[in-house]
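1. got a sequence here, can you build the structure:
(one chain, ligands or ions: 2)
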Amino acid sequence: MSSAEPLLSLRAITKRFGSFAALSDVSLDIRAGEIHCILGENGAGKSTLCNLIFGVHRPDSGAMRYRAAAFQPSGPADSLAQGIAMVHQHFSLVPDMTVVDNVLLGRERGVLKRKDCATQLKRLADEYGLPLDPYARIEDLSVGERQRVEIVKCLIRDPSLFVLDEPTAVLLPDEISALLDVCRRVAASGRAMVQACRDQENRGLRHRVARWTGRGDVCNTRVRYRPSGAGHDPGQHRYTGQIRRLDSGA
Ligand SMILES: Nc1ncnc2c1ncn2[C@@H]1O[C@H](COP(=O)(O)OP(=O)(O)OP(=O)(O)O)[C@@H](O)[C@H]1O
Ligand SMILES: [Mg+2]
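-> Numbering: from 1, shown residues only. Ligands and ions are numbered 1, 2, ... in the order given. Below is the predicted model of the structure:
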């Protein structure tokens with residue numbers, strides 16, 4: 001892959017649910033070493049965009065390229081195998097299982113032994129400043145701690161592209177600082193971070209991220225509302241998300 005080529009690019013992507021276009025003609029580039037914020041109000045299409053990248057949804061039209069090749073993930077497992085990890089807006093942990101057993105769920109048996117996994121989890125959690133007890137049960141953890149589990153579950157796979165869907169919405173101010181530190185480390189290590197945020201939450205975030213990463217590394221894409229146009233009943237108040245590049249640099 002040439003250094004000029006983005007890690008991931010989306011071109012003219014449209015995603016419909018029935019007759020409703022949640023994303024319409026979306027193009028954007030995500031580069032290695034970048035923290036890329038996807039900004040938008042409720043229902044603007046942020047999760048849909050994240051889910052397309054992670055292979056949960058398939059676009060109806062348009063194309064994606066990843067690591068200099070056409071990218072059409074058959075599902076999340078395919079995206080994971082290709083180095084893309086995601087923390088969903090709504091967590092997917094099993095409450096009555098431990099942290100380590102949740103991390104092992106869905107992994108091939110025997111590839112990662114439970115004790116080794118626990119050791120690796122602890123090491124990563126400490127390295128990233130996200131204290132975690134691998135043997136704690138999920139149901140005993142706070143929302144912020146559960147998010148840490150989701151993050152470490154992704155980090156253990158050493159992804160090239162890390163997608164976080166509205167991670168700050170559930171966090172306390174101190175926890176947001178720890179999360180932003182993780183974002184900074186991920187980008188500094190040459191990986192890319194895509195982060196969906198509501199506009200109002202993002203104000204402080206952009207300034208903080210910009211301070212750390214310097215000009216050129218922080219890119220923002222705004223998800224804008226646009227009336228859905230012909231064929232839709234205006235009385236339904238349905239909107240089409242139109243995403244455009246807002247700016248780049250600090
Ligand atoms: N599976 C689905 N079926 C039908 N409509 C959907 C589906 N998923 C999303 N939508 C619709 O697509 C639009 C975009 O939803 P999406 O969840 O991507 O928005 P969002 O920006 O993540 O919102 P929020 O800030 O509330 O998380 C919304 O109008 C939503 O109702
Ligand atoms: Mg969402």
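
2. confirm V26 sits in a strand?
-> Yes. Assessed with DSSP: H, G, I helix; E, B strand; the rest coil, V26 lies in a strand.

3. and it, what's its pLDDT?
-> Note on V26: pLDDT of 81.

4. same thing with E201?
-> At E201, pLDDT is 54.

5. now swap in G75 and tell me
-> 96.

6. how about it, phi and psi?
-> In terms of degrees, to the nearest 10, the main-chain angles of G75 are phi 170, psi 180.

7. verify the stated contact: it with H57.
-> No. Counting by CB atoms under 8 Å, H57 is not a contact partner of G75; they are 10.0 Å apart. Glycine gets a C-beta too; all of them are placed from N, C-alpha and C.

8. and D165, how many neighbours does it have?
-> 21 (other CB atoms under 10 Å).

9. contacting residues for the closest residue to it other than its chain neighbours?
-> Of all residues not flanking D165 in the chain, Q89 sits nearest, at 4.2 Å (CB to CB, 6 or more residues apart in numbering). Shown in contact with Q89 (CB atoms under 8 Å, 6 or more residues apart in numbering): 47, 165-166, 169, 196.

10. just these: which are in strands?
-> 165, 196 (DSSP state E).

11. would TSV of the contacts of Q89 with pLDDT be doable?
-> Formatted as TSV, these follow (pLDDT from 0 to 100):
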residue	pLDDT
S47	89
D165	93
E166	87
A169	80
A196	84
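
12. what pLDDT is listed against the residue most central in space within the chain?
-> Nearest to the geometric centre of the chain sits V163, at 1.7 Å (CA atoms, centre = their mean). Note for V163: predicted pLDDT of 96.

13. near the closest residue to ligand 2 within the chain, how many other residues are there?
-> The chain approaches ligand 2 most closely through S47 (3.1 Å), counting by CB to the ion. Residues lying near S47 (other CB under 10 Å) number 20.

14. the residue nearest to the centre of the chain is in contact with I84, isn't it?
-> Yes. Taking CB under 8 Å as the definition, V163 is a contact partner of I84 at 6.8 Å.

15. return every residue with contacts to both of these two.
-> When contacts are counted by CB under 8 Å, 6+ apart, V163 and I84 are jointly contacted by 53-54.

16. before we move on, the earlier item: so what's the residue nearest to the centre of the chain closest to, chain neighbours aside?
-> V163 sits nearest to M86 (CB to CB, 6+ apart), 4.1 Å away.

17. got the contact list for the closest residue to E34 other than its chain neighbours?
-> Nearest non-adjacent residue to E34, counting by CB to CB, 6+ apart: A192, 5.1 Å away. Residues in contact with A192 (CB under 8 Å, 6+ apart) are 7-8, 30-36, 160-162, 186.

18. so which of the residues you listed is the most crowded?
-> Busiest of the contacts of A192 [other CB under 10 Å] is I35, holding 27 neighbours.
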